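Undergrad: After the sequence you'll find the predicted model.
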Amino acid sequence: MRKSLFLICALCALILNTTVYNVHALAASDITPSTAATDESLDNNSENNTNDDKSTNTKKVAENEALNVGDMPNVASEAAIVMEASTGTILYAKNIHEKHYPASITKVLTTLVALENSTPGEIVTFSKNAIYDVDLDSSRIGIDVGEKLTMEQSLYAVMLESANEVSYAVAEHVAGSVSAFSDMMNKKAASLGCVDSNFINPHGLPDENHYTSAYDMALISRAAINNEAFRKITGTKTYTIPPTNIQKESRYLANHHGMIKGTYSFEGTLGGKTGYTSKAKYTLVTFAERDGMTLISVIMYCDSIPNEYGDTEALLNYGFENYTKHNVVNEVSPDKTGNTELFTQYTPLFSRTTSPLKLSSTGSVILPKGVKFDEAESTISYSPLNKLKEGDNNIGTMRFTYDNTYVGSADIVYSTTASDYVLNNNFIPETPKTIVTKGVSMPQETQDDNGRLRIIIIAIIIIVILVSVTLYLFFVELPYRRRKNAYNAKKKKGKRYYSKNDYLDL
């Protein structure tokens with residue numbers, strides 16, 4: 001009896017301990033296996049990767065390439081695209097992977113590569129090849145052999161006046177030769193996800209082996225407009241190059257883009273680049289911004305100047321009129337929701353006050369107007385790190401699709417810098433996989449959640465005790481009572497037939 005009771009008590013204690021442990025574990029790690037980063041993924045892979053949207057949205061995939069909602073614009077150009085700059089979301093697409101000669105919109109990539117591999121004050125000295133290996137009847141600003149410009153002056157000449165001899169000199173200065181610079185251009189394009197391009201010169205003059213697509217030019221233009229120095233250059237209406245070591249007079253440069261110089265009016269125009277050759281026809285890259293949303297329009301192989309600007313205006317208006325930009329942090333937040341795949345109401349894994357994990361504040365999603373944010377589907381991928389750097393570390397991406405089309409993403413960031421709340425409460429994050437707390441008072445907004453958690457634990461304890469007592473009564477106490485009653489009845493019955501005199505004392 002005592003042994004049985006002891007075993008039952010031990011069993012109850014074991015069940016209780018297991019139950020409480022599981023409840024705490026659930027509260028501490030309520031993230032599904034599909035969204036949880038394993039320890040190995042945080043410790044055993046490559047250096048910090050770039051944003052996931054560069055690897056997943058900048059290549060041909062099974063998803064739809066463009067949202068294409070609403071009334072489509074009537075576009076005369078052979079190929080055209082509208083892309084949102086912060087996310088890379090494609091809003092409109094027409095023959096975007098057809099290969100065409102780019103003409104001078106090549107110089108968007110030339111300028112981007114030069115900006116990333118030089119400083120503004122570097123001196124560019126013009127060689128004989130730079131002056132004479134470029135068609136003398138093409139766009140130029142009259143530079144002489146041996147003349148010197150700064151890199152900044154050179155890039156304004158490239159983007160505003162489309163100066164071909166300056167493009168050549170920039171390439172020589174940055175890479176040593178045009179062929180070496182072309183290799184840099186192709187590597188940069190490939191790193192951005194370009195799939196239809198081959199660049200063999202920095203200016204875009206005709207060559208049958210120099211080609212690209214509207215899609216690739218949108219990717220290149222997206223990287224360019226997100227470069228602050230490029231954004232400043234492309235939006236400049238006029239620029240003056242002061243007298244040089246050879247030229248005694250100032251050179252006055254004017255932007256050729258019709259929406260910048262005022263020939264064509266479009267609200268929100270940021271800049272762009274024109275292009276034309278007899279083989280490429282008219283090509284045009286344009287950047288515009290309204291209500292915090294920056295759009296990129298690329299048209300290729302257009303038959304006339306009026307059509308190239310008419311197409312561009314129609315494409316940009318289509319984008320602004322049919323789509324809205326949503327900030328992911330404002331939509332996916334422990335302050336706004338209960339349980340999501342990123343955190344639970346009991347454990348705010350991405351809490352702004354207690355957790356070293358957060359979503360990037362720059363993450364955005366582009367959706368058709370009238371579509372709610374929660375109608376977009378999300379998936380999570382991780383970019384494991386070998387080593388954490390000081391400050392913010394991108395360890396993954398939350399990626400969004402709508403109608404089977406990529407519409408945006410947000411980086412998942414692990415910060416090694418503790419917040420004021422963490423410091424004041426001795427909250428010590430050690431690694432993304434181990435978070436140690438000492439004497440932390442949870443924020444006011446989580447006290448009700450903790451109270452509910454305690455009630456759940458107490459209820460489970462009571463249920464376990466009641467079930468254990470019931471099992472004990474049915475399987476131990478009742479059988480014991482039956483056996484005891486049977487034995488007593490048998491003993492009492494025996495006394496009815498025998499007396500002391502029936503036994504002999506031998």
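TA: Right, received. Where do you want to start?

Undergrad: what's the helix or strand harbouring residue 407 packed up against?
TA: If you go by DSSP states H and E, residue 407 is part of strand 405-415. For strand 405-415, the elements it packs on are helix 52-56, helix 328-331, strand 357-359, strand 364-368, strand 392-402, judged by 3 or more Cβ pairs under 8 Å, 6 or more residues apart in numbering; DSSP states H and E. From N, CA and C alone the C-beta is placed, and that goes for glycine too.

Undergrad: Could you export these as CSV, including distance to residue 460?
TA: Listed next are these as CSV, based on distance: least, Cβ to Cβ, whole Å:
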stretch, distance to residue 460
helix 52-56, 40
helix 328-331, 35
strand 357-359, 29
strand 364-368, 40
strand 392-402, 33
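
Undergrad: which of those is buried the deepest?
TA: Of all these, strand 364-368 has the most neighbours on average by mean count of other Cβ atoms under 10 Å, namely a mean of 24.

Undergrad: That one: how far from the chain's middle?
TA: Centroid separation for strand 364-368 versus its chain: 13 Å, with Cα atoms, centre = their mean, to the nearest Å.

Undergrad: what lines up beside it in the sheet?
TA: strand 323-327 (antiparallel), strand 405-415 (antiparallel) (DSSP bridges).

Undergrad: how much does the longest one deviate in direction from strand 392-402?
TA: Here strand 405-415 runs at 160 degrees with respect to strand 392-402, directions being taken by axes from the mean of the first three to the mean of the last three Cα atoms, to 10 degrees.

Undergrad: and the helices and strands packed on strand 405-415, which one's lowest on average pLDDT?
TA: Mean pLDDT per stretch puts helix 52-56 lowest among the helices and strands packed on strand 405-415, at a mean of 42.

Undergrad: give me every residue that touches residue 376.
TA: 365, 367, 400, 401, 402, 407, 408 (Cβ atoms under 8 Å, 6 or more residues apart in numbering).

Undergrad: Please tell me I have it right and the third one contacts residue 380.
TA: No. Residue 400 sits out of contact with residue 380 when judged by Cβ atoms under 8 Å, with a separation of 10.6 Å.

Undergrad: Overlap in contacts, the two.
TA: With Cβ under 8 Å, 6+ apart, residue 400 and residue 380 have no common neighbours.

Undergrad: Now do the strands in the stretch 401-506 of the chain.
TA: 405-415, 427-431, 434-437 (DSSP state E, counting those that start in this stretch).

Undergrad: Between the ones you listed, which has the poorest mean confidence score?
TA: strand 434-437 (a mean of 36).

Undergrad: Run through the bridge partners of the residue nearest to residue 100 when sequence neighbours are not counted.
TA: Distances taken as Cβ to Cβ, 6 or more residues apart in numbering put residue 300 closest to residue 100, at 4.4 Å, once the chain neighbours are dropped. Judged by DSSP bridges, the bridge partners of residue 300 are residue 79.

Undergrad: How about residue 285?
TA: Bridge pairing for residue 285 - DSSP bridges - gives residue 273, residue 298.

Undergrad: That one against residue 272, yeah?
TA: Yes. With contacts counted by Cβ under 8 Å, residue 285 reaches residue 272, the gap being 4.9 Å.

Undergrad: Can you show me the strands along the stretch 151-300 of the chain?
TA: Assigned by DSSP E, counting those that start in this stretch, the strands in the stretch 151-300 of the chain fall at 238-241, 251-254, 269-277, 281-290, 293-302.

Undergrad: show me the residues around the nearest residue to residue 255 once chain neighbours are set aside that make contact.
TA: Excluding the flanking residues, the one nearest residue 255 by Cβ to Cβ, 6+ apart is residue 160, at 4.7 Å. Residues near residue 160 by Cβ under 8 Å, 6+ apart: 233, 236, 238, 239, 253, 254, 255, 256.

Undergrad: ok, 10 Å please
TA: 141, 233-234, 236-239, 253-257, 260-261, 271, 273 (Cβ atoms under 10 Å, 6 or more residues apart in numbering).

Undergrad: Now for the residues you listed, which sits with the most neighbours around it?
TA: residue 273 (31 neighbours; other Cβ atoms under 10 Å).

Undergrad: so where's the protein uncertain?
TA: 1-63, 333-355, 418-450, 491, 493-506 (pLDDT under 70).

Undergrad: swap the cut-off to 90 and go again
TA: 1-65, 68-71, 329-362, 380-396, 412-506 (pLDDT under 90).

Undergrad: right, and the pair among the contacts of residue 376 with maximum separation?
TA: Using Cβ to Cβ, the two most remote members of those are 367 and 401, lying 10.7 Å apart.
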